[in-house]
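*Asks:* Got a predicted structure plus its sequence, pasted below:
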Amino acid sequence: MPPTPPPTIKAWQFTRGTGGLEANLRLNTIAPPQPKSTQHLVQVLACALNPVDYKPGEHPVLGPLLVRKPATPGIDFAGYIAVPASGSPLKRGQLVFGVASSPFGGGALSEFAVFEKETTVPVPEDVTPVDACTIGVAGLTAYQSIVPRVKKGDKVFINGGSGGTGIFGIQIAKAVGCHVTTTCSSANVELCRRLGADEVVDYTKGSVVEQLKKSGVKFDHVVDNVASSTDLFFQCHEFTKPEAVFVVVGGTPGFGMIADSLKRKYWPGFLGGGKRKVEGFFPKANYKDLEKLATWMSEGKVKPVIDSRFAFEQAPDAFRKLKTGRAKGKVVVDVALETHRNAWSE
């Protein structure tokens, strides 16, 4: 059973993003949060990091508008319910996972945090807390950008298959019966194949567009987890069917991303713009989708890929690892599994 929260707890917080979130994080002693009637108070065991945990807070213009300071980052979590939400069937001591309701300062990098009951789901018995905490943002992004938009037998192209979202995207697309082609570097080709990719395009060996054109495959659906260039979309008519939708998942918040989005959507095809439908994307916390992902994980259809684990005190180093862009899968912070296992008593 989780302990009763002590009078004070430890939480990683930042008040500014200049110079990088990792340089501004401080491990502060604060009062435990007070849950609303719709929220669970959770003793956090593990937290998986995502780019959205640092990108908004670091933006010099949008950061102060989007993130209330001091802020505790962390959206994805797994932990024990210390105080259940009013009317929830979940009980004190139940192991749960989910996502914070706000992507801007979600609060999971803390010994105790509050999470809405609509975004908090039981962890299946045969799934570990570390595995469960990786599902949230990346799993929802992959699921919602693929599953409602495809049917069995469709050919799906995922740009960026070895990152936090791509690893789930490959497996989820295969789980619903799709043929999957993805991109990655040479070092990650075998990883993507193990996850189920039917074809892997090594972007270090030449133009991705040219390699896709040479394959002769016409894709039914595209998910761009990288979004580093508009060129892939502007040329996607060369390797997609006319009815295909190009979903843009990646990108860094800011005016550059807004400009790229407008360019993709409104630059006319006869002037070199795109000739397929394009959609921006941001995941929505959804209980049923999280529950489905947990079931697939329990059944072995979806497996987490964990690049590295960091102790709670090493949270800034975990962000440094995430920001290299070279993590194979998820970066996890061990909040209480080992480092604070005996920090409180009943």
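*Replies:* Cool, the structure landed.
*Asks:* which intervals of this structure have sub-threshold pLDDT?
*Replies:* Scanning the chain for pLDDT under 70 picks out the ranges 1-3, 60-66, 250-274, 339-346.
*Asks:* Geometric centre of this protein: which residue is closest?
*Replies:* Nearest residue to the geometric centre of the chain (C-alpha atoms, centre = their mean): residue 138, 2.7 Å.
*Asks:* Can you name the residues in contact with the one helix or strand that one maps to?
*Replies:* Under the criterion of DSSP states H and E, residue 138 resides in helix 136-146. Contact with helix 136-146 is made by 48, 50, 52, 75-77, 97-99, 103, 156, 164-169, 172-173, 176, 178, 221, 223, 247, 249, 281, 283-286, 289-290, 292-293, 302, 330, as judged by C-beta atoms under 8 Å, 6 or more residues apart in numbering. Quick note: C-beta positions are derived from backbone N, CA and C, even for glycine.
*Asks:* Could you measure from the residue nearest to the centre of the chain over to residue 248?
*Replies:* From residue 138 over to residue 248 the distance is 16 Å, taken as C-beta to C-beta, to the nearest Å.
*Asks:* Would you double-check that residue 4 falls in a strand?
*Replies:* No. Read with DSSP: H, G, I helix; E, B strand; the rest coil, residue 4 is coil and lies in no strand.
*Asks:* give me the number of residues near it?
*Replies:* Residue 4: 14 surrounding residues under other C-beta atoms under 10 Å.
*Asks:* That one and residue 92 touch, don't they?
*Replies:* No. Between residue 4 and residue 92 there is no contact under C-beta atoms under 8 Å: 9.9 Å.
*Asks:* shared neighbours, these two?
*Replies:* Shared contacts of residue 4 and residue 92 (C-beta under 8 Å, 6+ apart): residue 82.
*Asks:* circling back: mind giving me the PyMOL command for buried ones among the contacts of helix 136-146?
*Replies:* A single PyMOL command selects the buried members of the contacts of helix 136-146 (16 or more other C-beta atoms under 10 Å):
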select buried, resi 48+50+52+75+76+77+97+98+99+103+156+164+165+166+167+168+169+172+173+176+178+221+223+247+249+281+283+285+286+289+290+292+293+302+330
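*Asks:* Strands - which of the contacts of helix 136-146 land there?
*Replies:* Within those, residues falling in strands by DSSP state E are 48, 76-77, 97-99, 156, 221, 223, 247, 330.
*Asks:* List just the nearest of those residues to residue 124.
*Replies:* Closest approach to residue 124 among the ones in strands among the contacts of helix 136-146 (C-beta to C-beta): residue 97, at 9.7 Å.
*Asks:* mind giving me the domain ranges of the protein?
*Replies:* 9-134+304-334, 138-280 (automatic domain parsing).
*Asks:* how about the ones you listed, which one is nearest residue 298?
*Replies:* Among the domains of the chain, domain 9-134+304-334 sits nearest to residue 298 (C-beta to C-beta), with 3.9 Å.
*Asks:* can you pull out the helices in the stretch 151-300 of the chain?
*Replies:* Listed from the start of the chain, the stretch 151-300 of the chain has helices (DSSP state H, counting those that start in this stretch) covering 164-175, 189-195, 208-215, 231-234, 255-266, 287-299.
*Asks:* from the ones in strands among the contacts of helix 136-146, which is closest to residue 22?
*Replies:* residue 48 (16.3 Å).
*Asks:* what are the bridge partners for that closest one, then?
*Replies:* residue 332 (DSSP bridges).
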